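Undergrad: Please find the sequence and the predicted model below.
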Amino acid sequence: MRHKNDADSVAAWVAHTKQQEATCNIVRFCKFQGEDSDYNLNKMDFMLVIASDSQLIAGKQFCAPMHEICMDSTHGLNAYDFQLTTLLGIDKHGEGFPIAFCYSSHVDERSMTVFLQVVKEALGTALADVVLMTDDTEVYVNAWCAVMGPPAYRLLCVWHVDRAWRKNLTRIKGGSDVKTAVYKTLRSLMEIPDRDTFDVKLSEFLQSADDDTNTADFAKYFRHEYAYRCELWAYCHRLGLHVHHNMHLEAMHRVLKHVHLNGRKVKRLDKSIEALMQFMRAKLSDRLLKLYKGKWTRHVGGIRKRHQASGHIQADACMCIEDNLVYMVQGSKGEMYAVRQAQSVPHQDRVCQLSCTDCNVCVHTFSCTCMDSALRNTICKHVHAVVQKFSPVQQCTRDGNSVACTEQPTVSSDHEEVEDTCPAMPTDVGAEISCATGPGILPSMSESAAILAEMTARHKKHDVQSNVRKCDEMCMSIRATIRSHPELAKVGMEHLTKLQCLLTVLQDKPDIPRLPPTENNEPVNKKAMTQRHFVRTSKTRKVRNPEKSMTKPTHEEKEYLLSALSGNTTVISQQPPMDHDYAGDVIGHTINFEHSYGGPQ
């Protein structure tokens, strides 16, 4: 905190960054309330765009064509309702990396357009043909199209769509069994891999929901919000893109709030900025570790987990259709998956960060028609099984300028998924990609060089004479400022008094420490002893929330619900009995599905 006034403290921080070699370019744009701007902003708008050279250099790698970019805002970081908008890319390890930040008083199309325009000018080029992932709002995509041009694909985060559906289940009249049937039917519709089948089932769902008075209001909402733009949320429209959600951004905001801000809502903006800078220093250090030593991530753990799961696939379930190119694998339920070798991989390095060392393949070498491979950036168990049995010769070429696969394969609906968890130890080491920079915009250096320059400049030591000369220059500047603005003398006196006291104490510092050394050998993270307290012994009665108790449909439920859309079929909700339901043998509730979700007519 540089001043008791928050606005003056932030302004002082901005001025301080301009004077430091390590942070001279970190503030790309700043406009305080009451100031005029060359951009299309109102006089009372506030905006602060933060992006270091190392962030932008890394962003030019991560935000290449057909790569995922996430954009979202979060609140609770100050008392003025200024939201923090983050532009985030996905690195070669499958983890999120922030490209730029923006504090703004409004999150509307005009403010986001200015933010992206500043980022575009700093990069020296537009981020074209990307896969843009946002929440369910048109603000970000409209601003993106106005500045960067139309993205190659625009997708909605599955988690945000699912949350919106759950919240609007209150539009349905009836009990939780009806709401559960509707929700699970929607999830089944979302996960249909074939477009033609999806269109047919969506039409049947809308007709069935419209015919029932209990679900007519929800059908109107769904038709108005989602039915006309299925390409944004349905799985069948995103196969092969390996983009599923923007939880990288949600996780980043959670780390910022709960780790660097200790889970507290801050009122001062300068404290929020300080926490953001701490987060970025930790992120740059982590990025440097990835470039030089590699890092064990949950994505590599998921690949290892799938490698272990491939051992359960029988050898006779794998068939070779074309040597070294096309293979077929039979699933546990009899479904067939096609495994195909790619013609080229989108990297020039011999070592890909997302690879299996036992199979010696990366996520780009083979593709499979299962949902696990089509949606997630991983190596499915079918690819592992093919490589282990046939040992195909890798014929794909390395092309650093190629983009991700945009073909949409035919995916079997009977897919099998493996959780992304594995306790094994890493052996993969990443390799750095040198980035080409724009003329006169960013320094012409590699990503690691930019990170090292930023980290070392912050701790750069100067000789005594250089420090004395700079102190003299600062004293002359302060004296000139106070003479020209006498009203600032009070502020200067307060800070100079603190500085004078500090210098006096350091000058008279004795040889013996003023405080004795601590002899406590307890760990610094040891918790305090629990004091005596009262404990409630009676169990609190939990009120069941149908919205929270709903779960995703199983494979059998998907097949049953989708077939029920075509005719008179009884739908069974697998929800547990509600309170005061004393029929012990009842594990679910049965409702009729006669082109409607209501009970018997």
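TA: In hand now; what should we look at?

Undergrad: List the residues that contact Asn452.
TA: Small correction: residue 452 is Leu, not Asn. Leu288 (Cβ atoms under 8 Å, 6 or more residues apart in numbering). Any C-beta I mention is one placed from the backbone N, CA and C, and that applies to glycine too.

Undergrad: Please enumerate the helices of the stretch 201-350 of the chain.
TA: Assigned by DSSP state H, counting those that start in this stretch, the helices in the stretch 201-350 of the chain fall at 216-225, 247-255, 269-293, 298-309.

Undergrad: Distance to Leu502 and mean neighbour count for those helices - can I get that in JSON lines?
TA: JSON lines is the format used below for the helices of the stretch 201-350 of the chain (distance: least, Cβ to Cβ, whole Å; neighbours: other Cβ atoms under 10 Å):
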{"stretch": "helix 216-225", "distance to Leu502": "60", "mean neighbour count": "16"}
{"stretch": "helix 247-255", "distance to Leu502": "34", "mean neighbour count": "17"}
{"stretch": "helix 269-293", "distance to Leu502": "20", "mean neighbour count": "18"}
{"stretch": "helix 298-309", "distance to Leu502": "46", "mean neighbour count": "21"}
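
Undergrad: For Ile99, see how far away the residue positioned nearest the centre of the chain is.
TA: Closest to where the C-alpha atoms of the chain average out (Cα atoms, centre = their mean) is His248, at 1.9 Å. Look at His248 and Ile99: by Cβ to Cβ, to the nearest Å, they are 12 Å apart.

Undergrad: Spell out which residues are contacts of both of these two.
TA: Leu88.

Undergrad: Show me what the residue lying closest to Leu325 once chain neighbours are set aside is bridged to.
TA: Leaving aside its sequence neighbours, Leu325 sits nearest to Gln341 (Cβ to Cβ, 6 or more residues apart in numbering; 5.3 Å). Counting by DSSP bridges, Gln341 is bridged to Phe366.

Undergrad: just the one 4 residues further on next, same as before
TA: For Val345, the beta-bridge partners are Arg398 (DSSP bridges).

Undergrad: wouldn't it be in contact with Val363 here?
TA: No - the criterion here is Cβ atoms under 8 Å, and Val345 misses it with Val363 at 9.0 Å.

Undergrad: between these two, which one's more packed in?
TA: Between Val345 and Val363, counting by other Cβ atoms under 10 Å, Val363 is the more crowded of the two (23 against 20).

Undergrad: That one: what's it in contact with?
TA: With Cβ under 8 Å, 6+ apart, Val363 has these contacts: His242, Ile303, Cys352, Leu354, Ser355, Asn377, Thr378, Ile379.

Undergrad: First-to-last residue distance for stretch 94-112?
TA: Chord length of stretch 94-112, first to last residue, is 26 Å (Cα to Cα, to the nearest Å).

Undergrad: Start at 36, not 1
TA: Sure, I'll start numbering at 36, so the last one becomes stretch 129-147.

Undergrad: And it, what's buried?
TA: Neighbour counts using 16 or more other Cβ atoms under 10 Å place 129-142, 144-147 of stretch 129-147 among the buried residues.

Undergrad: now stretch 371-390
TA: 372-377, 380-382, 387-390.

Undergrad: how does the protein divide into domains?
TA: As assigned by automatic domain parsing, the chain contains the domains 41-192+280-328, 196-263+589-629, 333-433.

Undergrad: wait, doesn't the residue nearest to the centre of the chain sit right on Pro133?
TA: No - if you go by Cβ under 8 Å, His283 and Pro133 don't touch, sitting 9.6 Å apart.

Undergrad: overlap in contacts of these two?
TA: By Cβ under 8 Å, 6+ apart, the residues touching both His283 and Pro133 are Leu123.

Undergrad: all strands of the stretch 136-285 of the chain, in order?
TA: If DSSP state E, counting those that start in this stretch is used as the criterion, the strands of the stretch 136-285 of the chain fall at 166-169, 188-191.

Undergrad: Minimum distance to Ile486: which of the ones you listed has it?
TA: strand 166-169 (25.6 Å; Cβ to Cβ).

Undergrad: What lies in contact with that closest one?
TA: With Cβ under 8 Å, 6+ apart, strand 166-169 has contacts from 101-107, 175-176, 179, 186-192, 276, 278, 280-281.

Undergrad: Check Gly619 and give its pLDDT.
TA: With respect to pLDDT, Gly619 scores 39.

Undergrad: what does Gly435 give?
TA: For Gly435, the predicted pLDDT is 50.

Undergrad: Now do the same contact list for Thr120.
TA: Met106, Asp107, Ser108, Phe136, Cys137, Tyr138, Ser139, Val142, Met147, Phe150.

Undergrad: Helices - which of those land there?
TA: Here DSSP state H is the test, and the contacts of Thr120 give Met147, Phe150 as lying in helices.

Undergrad: Closest to Asp212 out of the contacts of Thr120?
TA: Asp107 (34.6 Å).

Undergrad: if I look at that closest one, how far off is Val142?
TA: From Asp107 to Val142 the distance is 10 Å (Cβ to Cβ).

Undergrad: so who does Asp116 touch?
TA: Here Asp116 is in contact with His110, Ser140 (Cβ under 8 Å, 6+ apart).

Undergrad: Can you classify it by secondary structure?
TA: Look at Asp116: counting by DSSP: H, G, I helix; E, B strand; the rest coil, its state is coil.

Undergrad: Confidence-wise, which helix or strand of the protein is lowest on average?
TA: In the chain, no helix or strand scores lower on mean pLDDT, DSSP states H and E than strand 624-629, which sits at a mean of 40.
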